[in-house]
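Asks: Quick one: sequence plus predicted model below, questions after.
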Amino acid sequence: MSALSTTGHNDGITLHCLQSIAQLIPLSSAVFYRVNAYLKPEAYVLHNISNSTRQQYLEHFQPLDPLSPSRFGQQVVTVATMTPGICARHRHYYHEFMLPNHVCDMIEIFIRRGHRIIAGISLMRDIPFSSEERLRAQAVQPLLGLAIHDSLQEDNDLESILTAKEREIVGMVCEGASNKLIARQLNISLSTVKTHLRNIFAKTEVINRTELVSRTRMSSVQHAQHM
């Protein structure tokens with residue numbers, strides 16, 4: 001369970017994906033979440049998660065989660081499961097959080113853009129998943145990836161998520177301007193430029209200038225294709 005918090009996010013495609021999974025694999029509860037450039041879950045969509053379970057997880061158990069995306073960022077893994085070995089290594093999490101909240105087993109599905117995890121789905125149940133059900137999760141992951149990736153691409157259009165000032169700075173970065181040059185041309189302090197860039201990186205889910213330029217060009221191409 002890598003995310004337990006509510007937002008106003010109401011993504012029809014995401015909800016449809018959760019419903020489709022539930023038809024293939026019977027579930028007790030499920031969570032969809034986006035993952036930012038720092039492998040932190042956000043923008044959650046919850047199904048059948050109690051407030052007490054949510055608070056308990058966020059306040060005490062989130063750092064102990066063995067299936068957190070932060071543990072798989074450097075691995076080529078698309079589906080992670082609670083194997084006997086993981087349960088043994090994370091006995092406290094399993095016995096103090098999962099079992100008291102009627103979660104016997106979990107499957108984590110990761111959606112990637114390239115090698116980076118951009119979203120995930122936690123599937124939870126009060127009885128163990130069968131080997132066949134784990135294979136179903138593996139089989140459905142590519143289809144979920146296509147649907148959710150397209151949805152995130154639409155939601156992450158740069159025009160809609162960046163302010164006018166941030167878009168101006170992005171344009172200058174794409175032209176090769178340094179932080180000092182940006183500060184001088186916009187008549188703002190160097191620290192303000194750095195603050196803007198940190199916000200831009202977080203919003204666009206990148207970790208450096210090179211990725212930002214690539215992300216911007218990709219967005220421009222996609223926008224042109226839909227005109």
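Replies: Structure's in. What do you need?
Asks: so Phe32 sits in a strand?
Replies: Yes. With DSSP: H, G, I helix; E, B strand; the rest coil as the criterion, Phe32 is assigned to a strand.
Asks: and it, how many residues sit next to it?
Replies: When neighbours are counted by other CB atoms under 10 Å, Phe32 registers 26. Where C-beta positions appear, they are placed from N, C-alpha and C, glycine not excepted.
Asks: excluding its backbone neighbours, what's nearest it?
Replies: Val45 (4.2 Å; CB to CB, 6 or more residues apart in numbering).
Asks: Quick check: that neighbour vs Gly73, distance?
Replies: 21 Å (CB to CB, to the nearest Å).
Asks: Tell me which of the two has more neighbours.
Replies: Per other CB under 10 Å, whichever of Val45 and Gly73 has more neighbours is Val45, with 20 against 16.
Asks: which SSE is the residue nearest to Phe32 in?
Replies: strand 41-47 (DSSP states H and E).
Asks: Listing partners with orientation, what would you give for that strand?
Replies: Sheet pairing of strand 41-47 (DSSP bridges) gives strand 29-35 (antiparallel).
Asks: Looking at the strand it pairs with now, give me its mean pLDDT.
Replies: Per-residue pLDDT over strand 29-35 has a mean of 88.
Asks: chain center to it, what's the gap?
Replies: Distance, stretch centre to chain centre, for strand 29-35: 8 Å (CA atoms, centre = their mean, to the nearest Å).
Asks: Over to stretch 19-31?
Replies: For stretch 19-31, the distance to the chain centre is 19 Å (CA atoms, centre = their mean).
Asks: So for it, first residue to last residue, what's the gap.
Replies: With CA to CA, to the nearest Å as the measure, stretch 19-31 spans 12 Å from end to end.
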